[in-house]
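Student: Starting from these lines, generate the structure:
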Amino acid sequence: MANEIRKNYDENFKRHIVELYEAGQTRAELAKEYNLHPTSVSNWIKYYKTSGSFKAKDNLTDEQKRIRELEKQLKDQQMEIDILKKAMVVMLKT
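Tutor: Below you'll find the predicted structure:
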């Protein structure tokens, strides 16, 4: 399992799989026929139906997007605090 190579598929291939699913093939059939992991097929279908995009970042809920935004703000503010602490140490030495 540790030596397993992660495969990347382009958007055209993923869209083709979704189209075959919409044409009536099951997820299991598609996974077996194209040697895909069933979860990948399910995710591609779900993502495409949700946003028309296969990128996970395009398929976040509003809550997940807000959490990411807040985490970024927190990280930026922590960097500012660290810089100000270092500046204070320098100012106190002079």
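
Student: Low-confidence stretches in this protein?
Tutor: 1-4, 54, 57 (pLDDT under 70).

Student: Break it into its domains for me.
Tutor: Annotated domains of the chain cover 7-59, 60-94 [automatic domain parsing].

Student: which one of those domains has the most crowded surroundings?
Tutor: domain 7-59 (a mean of 14; mean count of other Cβ atoms under 10 Å). (Each C-beta comes from the backbone N, C-alpha and C, glycine too.)

Student: got the end-to-end distance for that domain?
Tutor: Start-to-end span of domain 7-59 (Cα to Cα, to the nearest Å) is 21 Å.

Student: The closest residue to V18 other than its chain neighbours: helix or strand, and which one exactly?
Tutor: Sequence neighbours aside, Y48 is the residue nearest to V18 in space, at 4.7 Å (criterion: Cβ to Cβ, 6 or more residues apart in numbering). Assigned by DSSP states H and E, Y48 falls within helix 38-51.

Student: Quick one: residues contacting E22.
Tutor: By Cβ atoms under 8 Å, 6 or more residues apart in numbering, no residues touch E22.
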